[in-house]
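Enquirer: curious how this folds, go ahead:
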Amino acid sequence: MTLRVERDKATGVAVVTLDRERRHNAIDLATAAALGEVWRELRHAEDVRAVVLTGAGSAAFCTGIDRGVDVPQPASPYSADDPLIAIGPKACDLWKPVIAAVNGMACGGAFYLLGESEFIVSSSSATYFDPHTTYGMVSAYEAVYMAQRMPFGEAARMSLMGTAERLSAQRAYEIGLVSELAAPGELLPAALRAAQTLAGFPTESVQGTVRALWSAKQAALQQALAQAPALIALGNLPAEQQAELFAGRREAAVEPRVR
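Expert: Numbers count the residues shown, from 1 in each chain. Presented below is the predicted three-dimensional model:
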């Protein structure tokens with residue numbers, strides 16, 4: 001099982017947990033498919049009015065796509081297959097509020113999920129970073145999502161600095177990426193308190209407010225995301241060169257600066 005879903009009919013809250021702790025909750029193809037199925041299922045679940053999304057264990061919320069996944073790409077430079085493109089709740093037309101409870105590392109493809117959550121409750125020990133540039137990849141979708149949630153300079157710095165720098169939970173809170181900090185042992189209770197509050201309100205008005213909030217930025221978001229496939233096709237190193245950079249990361253590892 002790569003995804004765990006627990007529903008509490010009494011409170012109207014579902015907890016969706018990425019359950020690949022030994023892989024730092026990285027997303028393989030089965031997990032990507034399961035996320036899409038869960039979001040679509042929750043659209044029709046009348047007993048669920050709010051969702052908490054988190055990762056198993058304390059080391060990582062999610063570290064993006066599993067590097068062991070083989071994603072064949074079309075030969076055409078005008079198209080790219082991205083297995084993470086539909087893992088978020090909004091991509092699956094779920095407008096019930098989703099609160100991300102971030103524990104440990106959140107990096108790379110994790111921002112597809114954080115970018116489509118209403119707000120983030122973070123463990124005080126969590127860190128945020130984007131490794132793409134370090135390994136010869138364009139941060140396109142991730143950078144676009146974060147540019148909508150963070151001051152531009154902060155989003156640019158995180159996207160460009162790769163593995164050399166990590167954003168601390170405290171700094172993420174200061175710049176508005178994170179809405180609430182919690183001690184590691186209090187993370188899930190804190191997220192559940194917020195979700196239970198939302199689930200206690202009339203769901204029609206809550207979902208309507210979610211749609212209103214997203215409509216304020218959706219046009220710009222869609223225009224920006226439309227550019228991502230071409231930028232990735234142009235800027236990514238060939239897969240074998242990326243693999244060489246990943247293989248050498250331990251030898252060349254430098255302790256990342258946390259700020």
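Enquirer: assign Val121 to helix, strand or coil.
Expert: What DSSP: H, G, I helix; E, B strand; the rest coil gives for Val121 is strand.
Enquirer: so who does it touch?
Expert: Residues counted as contacts of Val121 (C-beta atoms under 8 Å, 6 or more residues apart in numbering) are 99-102, 178-182, 187, 190-191, 194. All C-beta atoms are positioned from the backbone trio N, CA, C, and that covers glycine.
Enquirer: count of residues packed around Phe61?
Expert: 31 (other C-beta atoms under 10 Å).
Enquirer: now the phi/psi pair for it, please.
Expert: phi -70, psi -50 (degrees, to the nearest 10).
Enquirer: quick check: it touching Tyr128?
Expert: No - counting by C-beta atoms under 8 Å, Phe61 does not reach Tyr128; the two are 9.2 Å apart.
Enquirer: give me the common contacts of the two.
Expert: By C-beta under 8 Å, 6+ apart, Phe61 and Tyr128 have these common neighbours: 102, 106.
Enquirer: follow-up on the earlier one: out of the contacts of Val121, which comes closest to Asp8?
Expert: Set against Asp8, the nearest of the contacts of Val121 by C-beta to C-beta is Ala191 (13.0 Å).
Enquirer: setting aside sequence neighbours, what's the nearest residue to the closest one?
Expert: Spatial nearest neighbour of Ala191, chain neighbours left out: Ala101 (3.8 Å); criterion: C-beta to C-beta, 6 or more residues apart in numbering.
Enquirer: what's the burial count for the nearest residue to Ala110 once chain neighbours are set aside?
Expert: Nearest non-adjacent residue to Ala110, counting by C-beta to C-beta, 6+ apart: Cys62, 3.8 Å away. Residues lying near Cys62 (other C-beta under 10 Å) number 31.
Enquirer: likewise Arg22?
Expert: Applying other C-beta under 10 Å, we find 9 residues neighbouring Arg22.
Enquirer: next one: the host helix or strand of Val210 to chain centre, how far?
Expert: Assigned by DSSP states H and E, Val210 belongs to helix 203-235. Mean-position distance between helix 203-235 and its chain equals 14 Å (C-alpha atoms, centre = their mean, to the nearest Å).
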